[in-house]
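>>> Please find the sequence and the predicted model below.
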Amino acid sequence: MEHRKAENIIALVKDAQTSYLEEVEKGKKVYGRYVKDFLNSHRYSGSWDVRVMNEHRKNMGMVEDLLETRPDLVEKYFLKEDMTEEDINILIHELNTTEVTVIRATHTVVPHEVASTEEHGTVVAYYTPVPKQDSASSLQLARKDGLIGRTVETMNALKLFTENVNEEKIQKLFDCVLEKPLVARNNRVVAYFFDALCENGLISKQWQETMAAHQQVRSSTGKIMKSSDLSSALCMAKSSDRSIYSCIRNMVKEITKRQ
């Protein structure tokens, strides 16, 4: 039996950085497309040894979590000119022990500006806020008769959230005054739906930043969705050929037509 070692996590992260710099930074590849291509190109270990396959699967799971759920760490470390093994170990430690906290109220989140503080030995990452842009207090739902009702019907038909919603709750969502965030069944489907509303002129173009700043939606894992989460989920949805996305486009267009 072949006894080949699994590509270790350091080598995988280094490879992910090289691909990121070449494809995203230099080649302007869509981030979601880069993530999908990288994961697919490293799916197999090249060995039939169960121990090697399990180790590879574990390492790739860690890289997948990094790329899909923590683009803030990707940007923070992958843009280093010479990312060392020590840097990667610190990155992994942050991935395992921290979550990004979005500062809300009178600020809009800016994903590129990240700072960190240390509390009781644990690094906690915070997005650096900038002054809120105009009209960031709500998603600016278009004023059309019956629009909110049609939108609620469509949301429930698509099962966007873990609960059926009503007009009162969704109006509060669009006004960004929900006290208890809604929970997405599928992050990509939710992001795509709201983007479709935006493309049809039904909500603000700044919907990602606004929704995140007011903490209106939780991910399918229960975490508040940041603007970077919404952006990443949307990129992955747009790079997918699943029929649900063409269905969403058609349903949102129908919302705009019905009176």
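Sure, I can see it.
>>> Run through the stretch 1-150 of the chain and note the low-pLDDT ranges.
Scanning the stretch 1-150 of the chain for pLDDT under 70 picks out the ranges 1-7, 99-136.
>>> Run through the helices of it in chain order.
9-19, 31-41, 50-69, 71-78, 85-97, 147-158 (DSSP state H, counting those that start in this stretch).
>>> what residues does the third one touch?
When contacts are taken as CB atoms under 8 Å, 6 or more residues apart in numbering, the neighbours of helix 50-69 outside the stretch itself are 3-9, 12-13, 16, 35, 38-39, 42-45, 47, 73-74, 91-92, 95, 229, 232, 236. Placement of C-beta: from N, CA and C, glycine included.
>>> Turn the helices of the stretch 1-150 of the chain into a markdown table, including distance to I255.
Shown next, in a markdown table, are the helices of the stretch 1-150 of the chain (distance: least, CB to CB, whole Å):
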| stretch | distance to I255 |
| --- | --- |
| helix 9-19 | 39 |
| helix 31-41 | 25 |
| helix 50-69 | 29 |
| helix 71-78 | 30 |
| helix 85-97 | 39 |
| helix 147-158 | 5 |
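>>> got the ones you listed as CSV, with distance to V165 and mean neighbour count columns?
Below are those laid out as CSV (distance: least, CB to CB, whole Å; neighbours: other CB atoms under 10 Å):
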stretch, distance to V165, mean neighbour count
helix 9-19, 38, 18
helix 31-41, 27, 17
helix 50-69, 25, 16
helix 71-78, 28, 20
helix 85-97, 33, 15
helix 147-158, 6, 17
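>>> Who's the closest spatial neighbour of S220, skipping the chain neighbours?
Excluding the flanking residues, the one nearest S220 by CB to CB, 6 or more residues apart in numbering is A184, at 5.3 Å.
>>> who does that neighbour bridge with?
Using DSSP bridges, the bridge partners assigned to A184 are F161.
>>> Just give the number of residues close to it.
Neighbour count for A184, taken as other CB atoms under 10 Å: 24.
>>> What is the end-to-end distance of stretch 202-215?
Stretch 202-215 has an end-to-end distance of 20 Å (CA to CA, to the nearest Å).
>>> try stretch 173-188
18 Å.
>>> likewise stretch 232-251?
For stretch 232-251, the end-to-end distance is 23 Å (CA to CA).
>>> For that stretch, buried residues please.
Neighbour-count burial for stretch 232-251, with 16 or more other CB atoms under 10 Å as criterion, is recorded at 232-237, 239, 245, 248, 251.
>>> Likewise for stretch 206-218?
Across stretch 206-218, burial judged by 16+ other CB under 10 Å covers 206-214, 216-218.
>>> which of those lies closest to G27?
Closest approach between the buried residues of stretch 206-218 and G27, by CB to CB: Q208, at 23.8 Å.
>>> other SSEs contacting the helix or strand containing the closest one?
Here Q208 is covered by helix 207-213, with elements defined by DSSP states H and E. Using 3 or more CB pairs under 8 Å, 6 or more residues apart in numbering; DSSP states H and E, the elements in contact with helix 207-213 are strand 107-119, helix 187-199, helix 227-238.
>>> The second one versus helix 50-69: what angle between them?
Relative orientation of helix 187-199 and helix 50-69, computed by axes from the mean of the first three to the mean of the last three CA atoms, to 10 degrees: 20 degrees.
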